[in-house]
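> Have a look; sequence and predicted model below, questions after that.
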Protein chains: 2
Amino acid sequence: MSSSTTTLDRVLEHARQTALLGSISSLLGWDERTMMPLAEGDYRVEQMTLLSGLMHDRVTDPEYGNWLEELAAGDLMQDPHSDAATNIRELKRSRDRRVKLPKTLVEALTRASVRGQQAWEKARRENDFALFQPALATLLNLKRQEAEALGYEETPYDALLDDYEPGERTANVQRVLLGLREQLVPLVEAIAASRRRPKLELLARGYPVAAQESFGKRAAERIGFDFSRGRLDVTTHPFCSGMGPHDCRMTTRYDGHFFPTAFFGTLHEAGHGIYEQGQPPEEFGLPIGEAISLGIHESQSRMWENQVGRGEAFWRYFFPLAEEAFPDALVDVTREEFHFAINDVRPSLIRVEADEATYNLHILVRFELEQLLLADELPLDDLPAAWNQKYEQYLGITPPTNAQGVLQDVHWSFGALGYFPTYSLGNLYAAQFYEQAETDIGPLDEQFAAGEFAPLRQWLNRKIHAVGKRYTASELVEQITGQPLSHEPLVRYLRDKLSPLYEL
Amino acid sequence: MSSSTTTLDRVLEHARQTALLGSISSLLGWDERTMMPLAEGDYRVEQMTLLSGLMHDRVTDPEYGNWLEELAAGDLMQDPHSDAATNIRELKRSRDRRVKLPKTLVEALTRASVRGQQAWEKARRENDFALFQPALATLLNLKRQEAEALGYEETPYDALLDDYEPGERTANVQRVLLGLREQLVPLVEAIAASRRRPKLELLARGYPVAAQESFGKRAAERIGFDFSRGRLDVTTHPFCSGMGPHDCRMTTRYDGHFFPTAFFGTLHEAGHGIYEQGQPPEEFGLPIGEAISLGIHESQSRMWENQVGRGEAFWRYFFPLAEEAFPDALVDVTREEFHFAINDVRPSLIRVEADEATYNLHILVRFELEQLLLADELPLDDLPAAWNQKYEQYLGITPPTNAQGVLQDVHWSFGALGYFPTYSLGNLYAAQFYEQAETDIGPLDEQFAAGEFAPLRQWLNRKIHAVGKRYTASELVEQITGQPLSHEPLVRYLRDKLSPLYEL
């Protein structure tokens, strides 16, 4: 055993132990949102703070840093996509990032994000932006310090974006999103001008929660979520958390009088879960067993939710089952009417309820505003008006209240600047990957219509899930599709789907 | 601020941080048994081992030991029941115990207990004691080493008993249990000779699980379990875990065709929960905010389950509600028939299903056998036969299989020797406390019949729950009742209840 191998063993063991703490923290977070009595909230913060302190101490441990320095200068890095090089590079990247942040700043950010969320919840409930503004000002100030501490080449926003989408640049995201907007705005206008309209009321009939639950679980299982290694529970804000090598838990929320929320939410989270479950369990907690980025993660959830779950072929298999599960609601509904209703496109105020075509315009609003905020080029007093102007400009509607406008999303309240673009990146990656999947394994519709989802899942597993962090997101896109990230596949996908529905 | 106060602050902060880790470990344990996918089991062991290692390191930290030594020799100890003296004494006791155990022994015990449980599960399933015997031999050997490392004055069993019932002695437990046996055996014989017999089939009718769940929760809430600071979930092996200042979780199991299991199980666990919830939340994790012993804990669960929940007055309030909840099962049942059925006494094979009168005979069998095992005076080859002989001797029945005999309980498989007697101590304490409660606050039956349980609960809270570890169990008994622990109150209670039912 060479000395560098021995050091590598030490580094991997160190990382696995840190991951154990991280997995415990994930369980605490899941439990807080699904099971914990509300009254325990303060103590849960103490528990999670203790764990994050232990993790911080482990990651910033100088001896661990020395091991990583030694390995990063050694022979193991020759093939940059090997297991060893991937683990060393990414563990070092993660540590280098962490040691740049003074502990006082980390603590101040933790406190400001807890206070920010509390202020935001009150502000949204009372529809009063002024209640949130001071906490947001504090957070923005700290995020600017964070960006400076981390460093960047082009713009401070890069430093923050890099936390969610490693290696991605603001300018590149800007380029792709503007290209996308140019194509989307006329598409959405054409749809608005169409006389075809789906019957939306059929989605708002009585859909009993118990039937929704078993139907949703059945669909998640069918597309490949393994319930022997995971769970589905109920929360207000749905999420998916891979908290151990064989423990991936997703959540959803049910509305007995609206079908899409829980069902597409479940498909979406199952998409995240299939990514988590597709990573090699024996590498749990190491970079070669971890997701590449939030954007790539979102590509998996959006593909199963949209490309698959809102597709016509999917419902050739599932609509008869839906008719059995919801006989009253669907008694006089045809498959075509149902499929049109779940693909309704119209400008709307709330991001999480937006359709596929307008969704990315919601993201663009946030992406542009948060760059201005970070650069201190938009006074907070003017933020609500700026928000409303952008909604008028991109979507043709103006929020009647701040609760339905600038206060609708939680992200800024806990300091998550640079997070929103990963949603759009996910949509873009999903479309680009999906086109390639059909090129590689042939048309998928006949398989879906027969309830066969394994070929797509196995392709994703081979090309993405099992790859870990061996490539950055943009490297992966190029590697899989032979092309850099582009808005064109998403535009093609939307046109192909929506043109016949709206007779464009 | 005096220097000893400063040291005390350090010690308390140290203990609170350790308790944070302990509370996280409790959540992991609860989650493992209620929520976690089975496939995650091995990783959960890793997580819990990491936490127990971190706790071990904290508790054995020499600087923390020095602080405790300094405080234990100082002025704060003058009033032994003060907050400061209690915390110092008990934290030191706990640390002194821990540092006596070599880390290699602790690790060997951890491994042996995991393997022991696995071997036991297989052995019980296959009704083959030989499959468990080698693991049990290993465990017994390690427990003997543990007892020697801990030290004792009279017998090695004292060292192990002390972990569950601090300050208690084997000889004293023996004296009380033998006194109890002398009274119980003729009582059980008299009942066996009675011609009165309850109609047991009325408990084995259809009791829909959903109705059992809401009826059980209603009863738990009524006696004082606070669901805003706790939960009730489902497990195979019910338990209650106070895992945070405002987070106490209990579990039960439902049988749709047998009423008592879930209902009395829920009352039992709620009794544990009311103890946990009755401790001062701001002292969570410190000895003044912790239960005294397993025996005192069990006194609370058994009192609510038996003295209260199997009492005639309790059902004057609850039987009409039960008739509403289970109209089909109880259509032709009188309250008197129901009350007699839930107090049926007869020798049986399985401890957890035993009635109040024979229960302690099951404990005596185990208590006597485990003393012999620890002293190496009973070869393991002879254990199953020795078990069966004692059942014949004390209960007049012989287990037809080892699965229904020596293999029925999990405790020995994870090395819990010295644990069983705390169940009987709980029964004894419960009866002795309950007599005193009626002396102090008057007859409770009229209150129970009116659905009023607060006076008893408040008495328990004042006398026991809020006391923390200020007294040992035997000190507490003397302090509350003015008498040392005795079998007489329990015998009186059983005679008073059972004589009229069986017309003795």
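Arrived safely, thanks for sending. Numbering: from 1, shown residues only, chains lettered A, B, ... in the order given.

> sec struct for residue A:232, please.
Per DSSP: H, G, I helix; E, B strand; the rest coil, the local secondary structure of residue A:232 is strand.

> For it, which non-adjacent residue is closest in space?
residue A:250 (5.5 Å; Cβ to Cβ, 6 or more residues apart in numbering or on different chains). Where you see a C-beta, it was placed from the backbone N, CA and C, and this is true even at glycine.

> Residue A:80 too?
In this structure, residue A:80 finds its nearest non-sequential neighbour in residue A:89, 7.0 Å apart by Cβ to Cβ, 6+ apart.

> rewinding a little: for the residue nearest to residue A:232, grab the count of nearby residues.
By the criterion of other Cβ atoms under 10 Å in any protein chain shown, residue A:250 has 27 neighbours.

> sec struct for it, please.
Following three-state DSSP, we place residue A:250 in the strand state.

> Please verify my assumption that it contacts residue A:239.
Yes - taking Cβ atoms under 8 Å as the definition, residue A:250 is a contact partner of residue A:239 at 7.3 Å.

> Show me what counts as buried in the host helix or strand of residue A:322.
Using DSSP states H and E, residue A:322 maps to helix A:312-325. Using 16 or more other Cβ atoms under 10 Å in any protein chain shown as the test for burial, helix A:312-325 gives A:312-319, A:322, A:325.

> Grab the nearest non-local neighbour of the residue in the stretch 351-500 of chain A positioned nearest to chain B.
Residue nearest to chain B within the stretch 351-500 of chain A (Cβ to the nearest Cβ): residue A:465, separated by 17.6 Å. Once flanking residues are discounted, residue A:465 sits nearest to residue A:278: 2.9 Å by Cβ to Cβ, 6+ apart.

> got a list of what the one you found touches?
In this structure, residue A:278 makes contact with A:457, A:460-461, A:464-466, judged by Cβ atoms under 8 Å, 6 or more residues apart in numbering or on different chains.

> List only buried entries from these.
A:457, A:460-461, A:464-465.

> In strands only, show me those residues.
Among those, none falls in strands (DSSP state E).

> between those residues, which is nearest residue B:104?
Lowest distance from residue B:104 to the buried ones among the contacts of residue A:278 (Cβ to Cβ) belongs to residue A:465, with 41.1 Å.

> Surely that closest one touches residue A:273?
No - in this structure, residue A:465 is not within contact of residue A:273 by Cβ under 8 Å, at 11.0 Å.

> about what we covered before: on the pLDDT front, check the residue nearest to residue A:465 for me.
In the predicted model, residue A:278 carries a pLDDT score of 97.

> cool, and residue A:1?
Per-residue confidence (pLDDT) for residue A:1: 46.

> What of the one 4 residues further on?
According to the model's per-residue confidence, residue A:5 sits at a pLDDT of 65.

> and if you look at the one 5 residues further on?
With respect to pLDDT, residue A:10 scores 97.

> OK, contacts around it?
Neighbour list for residue A:10: residue A:67 [criterion: Cβ under 8 Å, 6+ apart].

> How is the nearest residue to residue A:150 once chain neighbours are set aside assigned, secondary-structure-wise?
Distance criterion Cβ to Cβ, 6+ apart; nearest residue to residue A:150, sequence neighbours excluded, is residue A:159 at 4.1 Å. With three-state DSSP as the basis, residue A:159 sits in helix.

> picking up where we left off before, for the residue nearest to residue A:80, grab the count of nearby residues.
Residues lying near residue A:89 (other Cβ under 10 Å) number 21.

> Tell me the spacing between it and residue A:58.
19 Å (Cβ to Cβ, to the nearest Å).

> residues of stretch A:351-359 that come out buried?
A:351, A:354-359.

> just how off-centre is stretch A:82-96 within its chain?
23 Å (Cα atoms, centre = their mean, to the nearest Å).

> what comes into contact with that stretch?
So stretch A:82-96 is contacted by A:8, A:11-12, A:15, A:59-60, A:64-65, A:68-69, A:71-72, A:76-80, A:166, A:286-288, A:290, A:468-470 (Cβ under 8 Å, 6+ apart).

> Could you rerun that using 7 Å?
For stretch A:82-96, the external contacting residues (Cβ atoms under 7 Å, 6 or more residues apart in numbering or on different chains) are A:8, A:11-12, A:15, A:59, A:65, A:68, A:71-72, A:76-77, A:79, A:286-288, A:468-470.

> need the strands for chain A, in chain order.
Under the criterion DSSP E, strands of chain A are mapped to A:230-234, A:240-244, A:247-252.

> List the pairing partners of the second one within its sheet, with orientation.
The sheet places strand A:240-244 alongside strand A:247-252 (antiparallel), with pairing taken from DSSP bridges.

> tell me, what residue is most central in chain A?
Residue closest to the mean C-alpha point of chain A, counted by Cα atoms, centre = their mean, is residue A:298 at 4.0 Å.

> Verify the contact between it and residue A:422 for me.
Yes - counting by Cβ atoms under 7 Å, residue A:298 touches residue A:422, with 5.9 Å between them.

> Just flag the most distant two among the buried ones among the contacts of residue A:278.
Across the buried ones among the contacts of residue A:278 (Cβ to Cβ), the longest gap, 10.6 Å, separates A:457 and A:464.

> which one among the buried residues of helix A:312-325 gets closest to chain B?
residue A:325 (21.2 Å).

> And that closest one, how far from residue B:342?
Distance of residue A:325 to residue B:342, computed by Cβ to Cβ: 42 Å.

> residues from the stretch 151-300 of chain A in reach of chain B?
A:228-231, A:244-247 (Cβ under 7 Å from any Cβ of the partner chain).

> I'd like to know which of these is nearest to residue A:53.
Nearest to residue A:53 out of these is residue A:244 (Cβ to Cβ; 21.5 Å).

> what sits against the residue of the stretch 251-400 of chain A found nearest chain B?
Closest contact between the stretch 251-400 of chain A and chain B, by Cβ to the nearest Cβ, is at residue A:284 (7.5 Å). Contact analysis of residue A:284 by Cβ under 7 Å, 6+ apart lists A:19, A:244-245.

> Phi, psi for it please.
Dihedral angles of residue A:284 (phi, psi; degrees, to the nearest 10) stand at phi -50, psi 130.

> Return the distance of it relative to residue A:90.
14 Å.

> In chain A, where is pLDDT below threshold?
Along chain A, the model assigns pLDDT under 70 to residues A:1-5.

> quick one, longest helix in it?
Ranked by number of residues, the top helix in chain A under DSSP state H is helix A:3-34.
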